[in-house]
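[1] give me the fold of what follows.
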Amino acid sequence: MTDTATALTIDDIVSTASLDVEFLAGASGGTREVLWAHSCEMPNPARWLAPHELLMTVGLCVPTDADGQVSFLKSLYDAQLAGLMIGDHETAPPLSTEMLAEADRLGFPVMLAGEQTPYAVVARHVAAANTSSQTLQVLKLSKLYHVAADAGHEPATLIADLVSLLGVGIRIEDRPTGLPVLHADATGRSGTATTSRRYPLRGSYPADLMLLEYPGEELDSFLLVHLIKVLEVAVDGVLRSADRRAEVSARAMLALLNGNTPAEAAALIEPHLPSSGFHLLAFGSVEGIRIARAVALLELPVIVGQGRTSHLALVPSDAVPRMRELVASLE
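    I've put the predicted structure just below:
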């Protein structure tokens with residue numbers, strides 16, 4: 001959370017004569033806090049910046065048509081950026097009256113930087129003003145890695161500690177099944193999260209991170225990059241373990257179909273016994289692969305594997321209701 005008594009604002013930047021920055025629209029948002037200033041020319045800069053960060057551009061990322069400019073501005077506003085600074089260069093398209101009117105309506109600052117204003121100078125100005133805040137972020141980053149190291153091979157402990165440290169809710173979903181791999185809600189929060197941001201995790205397994213954030217406590221990009229890397233490692237471990245369980249289950253099913261009772265069967269169906277009553281379920285190949293992954297991920301006491309014509313699941317009678325819920329959730 002930023003300290004509103006000392007945080008740099010858009011008004012502070014505009015009032016610094018040496019920066020040569022002026023409002024084009026949205027001046028009523030001059031009190032918006034600026035934690036960082038970042039130059040970006042990607043087509044969707046809101047994806048690359050975090051709340052309270054100032055977007056600086058020479059105009060290459062700004063659409064040329066009025067409707068596109070309005071949508072562009074709204075995307076920056078929805079991402080809770082501090083504002084938009086456009087350089088006075090030929091690369092910048094003319095800004096439409098519709099875009100500037102929308103900026104005024106939203107109170108979202110749109111500024112013009114002088115042709116001779118280097119963006120590096122603006123970034124250093126913001127960094128210098130927020131030195132104490134950046135120091136706290138570095139200390140929090142150090143704590144983040146300590147938490148990751150202390151959690152060892154306990155992903156649930158890691159997620160709970162990260163949520164406590166960062167003050168955000170974390171939910172990671174396995175993309176093929178949509179099931180939660182790891183999740184925890186932020187503790188000690190009386191209100192509800194106001195933003196939900198989704199990021200793809202680029203580890204060995206397809207998964208998505210959903211962050212639930214609270215007013216004034218949004219996670220900035222500095223910490224977010226490192227959080228994603230820590231979570232990718234943790235999620236890979238969980239899903240790798242699920243894959244191994246699914247492989248053992250498939251071998252057990254093949255042995256059962258061949259008239260043998262494999263040693264792994266007892267461990268797979270714990271706390272049930274091989275002598276318990278069972279139901280045999282059959283699924284098409286595509287559904288069977290997803291169900292096998294989901295069963296392994298949730299560690300259900302079910303043996304799933306490929307049969308001669310379809311996927312089969314051997315389900316203890318007591319586990320049938322839970323299995324039915326799972327199948328329904330996977331559509």
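
[2] in the chain, what secondary structure element scores lowest on mean pLDDT?
    Here the helix or strand of the chain ranked lowest by mean pLDDT, DSSP states H and E is helix 131-151, holding a mean of 77.

[3] quick one: it to chain centroid distance?
    19 Å (CA atoms, centre = their mean, to the nearest Å).

[4] which strands and helices sit next to that helix?
    If you count contacts as 3 or more CB pairs under 8 Å, 6 or more residues apart in numbering; DSSP states H and E, helix 131-151 packs onto helix 155-166, helix 221-257. The way it works is simple: take the backbone N, C-alpha and C, and place the C-beta from them, glycine included.

[5] which one of the ones you listed lies nearest to residue 77?
    helix 221-257 (17.4 Å; CB to CB).

[6] rewinding a little: how about the helices and strands packed on helix 131-151 in a markdown table, adding mean neighbour count?
    Output for the helices and strands packed on helix 131-151, formatted as a markdown table (neighbours: other CB atoms under 10 Å):
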| stretch | mean neighbour count |
| --- | --- |
| helix 155-166 | 18 |
| helix 221-257 | 18 |
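
[7] and of these, who's closest to residue 56?
    helix 221-257 (14.5 Å).

[8] same for the next helix or strand along the chain from that closest one, what does it pack against?
    Heading C-terminal from helix 221-257, the first helix or strand you meet, by DSSP states H and E, is helix 264-268. Judged by 3+ CB pairs under 8 Å, 6+ apart, helix 264-268 is in contact with helix 221-257.

[9] in the stretch 1-150 of the chain, where is pLDDT below threshold?
    Counting by pLDDT under 70, the stretch 1-150 of the chain shows low-confidence ranges at 1-6, 132-136, 139.

[10] so residue 181 sits against residue 170, correct?
    No - contact criterion CB atoms under 8 Å: residue 181 and residue 170 do not qualify, at 10.5 Å.

[11] neighbour-wise, which of these two wins?
    Between residue 181 and residue 170, counting by other CB atoms under 10 Å, residue 181 is the more crowded of the two (24 against 21).

[12] find the nearest non-adjacent residue to that one, please.
    residue 172 (4.6 Å; CB to CB, 6 or more residues apart in numbering).

[13] equivalent analysis for residue 283, please.
    That would be residue 311: by CB to CB, 6+ apart, it lies 4.5 Å from residue 283.

[14] circling back to that earlier point, roughly how far apart are the residue nearest to residue 181 and residue 125?
    Per CB to CB, to the nearest Å, residue 172 is found 37 Å from residue 125.

[15] what does residue 51 give?
    20 Å.

[16] ditto for residue 111
    Distance, residue 111 to residue 125, using CB to CB: 14 Å.

[17] with residue 91 instead?
    23 Å.

[18] for residue 61, same thing?
    For residue 61, the distance to residue 125 - CB to CB - is 22 Å.

[19] report the contact partners of residue 11.
    Residue 11 makes contacts with 30-31, as judged by CB atoms under 8 Å, 6 or more residues apart in numbering.

[20] now it: which helix or strand?
    helix 10-14.

[21] pairing partners for the helix or strand following that helix, with directions?
    Downstream of helix 10-14, the first helix or strand assigned by DSSP H and E is strand 21-25. Take DSSP bridges as the rule and strand 21-25 pairs in its sheet with strand 110-113 (antiparallel).

[22] which residues are contacting the strand it pairs with?
    Strand 110-113 is contacted from outside by 10, 13-14, 19-26, 56, 73, 83-88, 95, 99-100, 103, 119, 122, using CB under 8 Å, 6+ apart.

[23] one more: stretch 166-181?
    140, 144, 159, 162-163, 182-186, 189, 193, 201, 205-214, 217, 219, 223, 227, 231, 235, 238-239, 290, 293-294, 297-298, 329-330.

[24] which of the residues you listed are buried? Put it as a ChimeraX command.
    Here is the ChimeraX command that picks out the buried ones among those, judged by 16 or more other CB atoms under 10 Å:
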select :144,159,162,163,182,184,186,193,201,205,207,208,209,211,212,213,214,217,219,223,227,231,235,238,239,290,293,294,297,330
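
[25] could you list which of the contacts of stretch 166-181 belong to helices?
    Judged by DSSP state H, the subset of the contacts of stretch 166-181 located in helices is 140, 144, 159, 162-163, 223, 227, 231, 235, 238-239, 290, 293-294, 297-298, 329.

[26] quick one on the thing from earlier: weed out the non-buried ones from the contacts of strand 110-113.
    10, 13-14, 19-21, 23-26, 56, 73, 83-87, 95, 99-100, 103, 119, 122.

[27] where's residue 197, which helix or strand?
    Following DSSP H and E, one finds residue 197 within strand 195-201.

[28] pull out the buried residues from that strand.
    For strand 195-201, using 16+ other CB under 10 Å, the buried residues are 195, 197, 201.

[29] repeat for stretch 55-70
    Applying 16+ other CB under 10 Å to stretch 55-70 flags 55-59, 61-63, 69-70 as buried.

[30] residue contacts, residue 203?
    232-233, 235-236.
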